[in-house]
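Chemist: Fold the following.
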Amino acid sequence: MKPNSIRIRLSDRRLNKLRLYAAHTDKTMTQVVEELIDSLPSLERDKQSADPVPASRQA
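Modeler: Modelled structure (predicted):
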């Protein structure tokens, strides 16, 4: 699998918080972000729309 990259803008405060947390937990910033993304709830696609709909909002 080819790794993808993203570029995001963060305030100095948030970037420093991420750096400190990563260093404190002996992880890379990438690992921290990936773990946070993996902890997000799964979304199911709405059958009538191409937009994802949170599973909790489906009837």
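
Chemist: For the rest of this, base every contact and every neighbour count on C-alpha atoms.
Modeler: Noted.

Chemist: Now do the lengthiest helix in the chain, average pLDDT.
Modeler: Scanning the chain for the helix with the most residues, using DSSP state H, yields helix 12-24. Mean pLDDT, helix 12-24: 99.

Chemist: now do stretch 38-48
Modeler: The average pLDDT within stretch 38-48 is 83.

Chemist: And it, what's buried?
Modeler: Counting neighbours by 16 or more other Cα atoms under 10 Å, one finds that stretch 38-48 has no buried residues.

Chemist: Confirm that residue 44 sits in a strand.
Modeler: Yes. Counting by DSSP: H, G, I helix; E, B strand; the rest coil, residue 44 falls inside a strand.

Chemist: which residues does it bridge with?
Modeler: Beta bridges link residue 44 to residue 53, judged by DSSP bridges.

Chemist: Got the phi and psi for the most centrally placed residue in the chain?
Modeler: By Cα atoms, centre = their mean, the chain has its centre lying nearest to residue 37, at 2.9 Å. In terms of degrees, to the nearest 10, the main-chain angles of residue 37 are phi -60, psi -40.
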